[in-house]
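>>> next one to model:
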Amino acid sequence: MSKGGAGNEGKLGNGTIVTVCLTFVVAMLGMAYAAVPLYEMFCKVTGYGGTTQRVEQASSVILDKKIKVRFDANTAPGLPWSFQPVQREIELKIGETVLVNYTARNNASFETTGQATFNVTPEATGAYFNKVQCFCFTETTLKPGEEMEMPVLFFIDPAIVDPVETKNVHTITLSYTFFPHEKTKPVASASDAGGEAAKKL
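The predicted structure follows:
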């Protein structure tokens, strides 16, 4: 009797574990869809995580001091895109307005939509990284095989040289991550994307 009871408990335990794991996976997918709008709202309210500033005009002051800016690009699982910066790194004068580009390509055989979040490191420099134009938090839809160039127009506020925590910073990294929009069905890879389209035919 005791052996049978132990076996039943083991079966119940395994079933509970499977249920918890499945619930976790579903919850994570839901959070991925909600991540972009929630992140946007959170960062606008708190300025957390190296959030950059949006401005309407360029700086009127340009210093002789230079700083390097590195560009990073990431694509979240479920979005079959190739996404990268055209230039990996540039050096510019502090206060100088510079235009750089990222490129994105839809590798799926069907239309997909993505939305990007961003941050800069070191986090303390976020308040001085001013964007005049960017593609962050904008719904971007690409047709099958379509490639798009995405400009970022920015400058580093000359005030960055004043605070103790930022005056000795020589390199800033601007990082973007594209997430699948809720209207895009997540896929594991570009090859899976093609397979899904083939199944529909």
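>>> helices along the chain, start to end?
Assigned by DSSP state H, the chain shows helices spanning 2-46, 190-200.
>>> weakest of those in terms of mean pLDDT?
For those, mean pLDDT drops lowest on helix 190-200, to a mean of 45.
>>> contacts only, for residue 136.
Listed by Cβ atoms under 8 Å, 6 or more residues apart in numbering, the contact set of residue 136 reads 116, 117, 118, 176. No exception for glycine: its C-beta is placed from N, CA and C like everyone else's.
>>> wait, the first one sits on residue 177?
Yes: here residue 116 reaches residue 177: they are 6.5 Å apart, a contact under Cβ atoms under 8 Å.
>>> so which of these two has more stuff around it?
Neighbour count, other Cβ atoms under 10 Å: between residue 116 and residue 177, residue 116 has more, with 24 against 20.
>>> what bridges to that one?
With DSSP bridges applied, residue 116 shows beta-bridge pairing to residue 178.
>>> for it, what are its contacts?
Residues in contact with residue 116 (Cβ under 8 Å, 6+ apart) are 36, 135, 136, 137, 138, 140, 176, 177, 178, 179.
>>> per-residue pLDDT, the closest residue to the second one other than its chain neighbours?
The reference is to residue 135. Leaving aside its sequence neighbours, residue 135 sits nearest to residue 150 (Cβ to Cβ, 6 or more residues apart in numbering; 4.4 Å). Residue 150 is assigned 96 on the pLDDT scale.
>>> count the residues that sit near residue 150.
Neighbours around residue 150, by other Cβ under 10 Å: 21.
>>> what do you get for residue 124?
Neighbourhood size, residue 124 [other Cβ under 10 Å]: 15.
>>> could you do the one 10 residues further on as well?
Here the count is done by other Cβ under 10 Å, and residue 134 has 19 residues near it.
>>> ok, it touching residue 120?
No: Residue 134 is not in contact with residue 120 according to Cβ under 8 Å; the separation is 11.8 Å.
>>> quick one on the thing from earlier: now for the contacts of residue 136, which pair is the farthest apart?
Farthest-apart pair in those is 117 and 176; separation 7.3 Å (Cβ to Cβ).
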